[in-house]
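S.K.: one predicted model, sequence on top.
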Amino acid sequence: MLRCPDIRLIDFGSATFDHEHHSKVVSTRHYRAPEVILELGWAQPCDVWSIGCILFELHLGYTLFQTHDNREHLAMMERVVGPLPTGMVHSTKTRYYPGGRLDWSDRSSAGRYVRDNCRPLRNYLSRSDDDNHRRLFDVIEAMLVHEPSERLTAARALRHPAFDRVRAAASGSA
């Protein structure tokens, strides 16, 4: 359990305003959203995806998407979150989805690694986890939605019941 909930925001090297030019690639590899990998453009929802990955890591103690390869990263995302929406697959100009399917072999050593080490997100939630853990996984699940327009917004995430205790502590009513 987290002993000190203080958060420090650091490294704003890639920070941009909405009206500024957005480079194609942004964010730390392990926390990169699918729309960034697929070069579909990005905005604030990619930050929500990143925070979902970070919350997972803080909760369980290891990185959800431990990879340095885009194709493997997409395979991991599909294994953990489910298939990417058809619209995203058809909109990308990247070479990862020829014919509408991820160019990926489950029989390769990388494919076996993904199969053996990645599982659907809900499977990471233990039956013994208490309500706080269930609420945390609920918000993580809502943050890790492939389609950016359907992903939980930052404002809604902050109002999620997973953060009730944090809000109560911040207001002094805990």
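M.R.: Alright, I've got the coordinates. As the structure is a prediction and not an experimental result, all values here were calculated from the model.

S.K.: lowest-pLDDT helix or strand in the chain?
M.R.: Lowest on mean pLDDT, DSSP states H and E among the helices and strands of the chain sits helix 164-171, with a mean of 85.

S.K.: how far away from the center of its chain is that one?
M.R.: Helix 164-171 has its C-alpha centroid displaced from the chain centroid by 24 Å (Cα atoms, centre = their mean, to the nearest Å).

S.K.: could you pull out the buried residues of it?
M.R.: Within helix 164-171, no residue qualifies as buried by neighbour count (16 or more other Cβ atoms under 10 Å). Using the backbone N, CA and C atoms, a C-beta is placed for each residue, glycine as well.

S.K.: ok, and what's touching the helix or strand in which residue 49 is found?
M.R.: Assigned by DSSP states H and E, residue 49 belongs to helix 44-60. The contact list for helix 44-60, computed with Cβ atoms under 8 Å, 6 or more residues apart in numbering, reads 2, 26-28, 30-36, 63-65, 124, 133, 136, 139-140, 142-144, 148-149, 151-154, 157.

S.K.: go again using 7 Å as the cut-off
M.R.: Here helix 44-60 makes contact (Cβ atoms under 7 Å, 6 or more residues apart in numbering) with 2, 26-27, 30-31, 33, 35-36, 63-65, 124, 136, 140, 143-144, 148, 151-154, 157.

S.K.: show me just the buried residues among these.
M.R.: The buried subset of the contacts of helix 44-60 - by 16+ other Cβ under 10 Å - is 26-27, 30-31, 33, 35-36, 64-65, 124, 136, 140, 143-144, 148, 151-152, 157.

S.K.: what's near enough to touch residue 109?
M.R.: Under the criterion of Cβ under 7 Å, 6+ apart, the contact list for residue 109 is empty.

S.K.: can you give me the helices for the protein?
M.R.: 34-37, 44-60, 70-81, 86-91, 109-117, 131-143, 154-158, 164-171 (DSSP state H).

S.K.: including distance to residue 100, could those go into TSV?
M.R.: Output for these, formatted as TSV (distance: least, Cβ to Cβ, whole Å):
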stretch	distance to residue 100
helix 34-37	15
helix 44-60	23
helix 70-81	13
helix 86-91	6
helix 109-117	19
helix 131-143	25
helix 154-158	31
helix 164-171	42
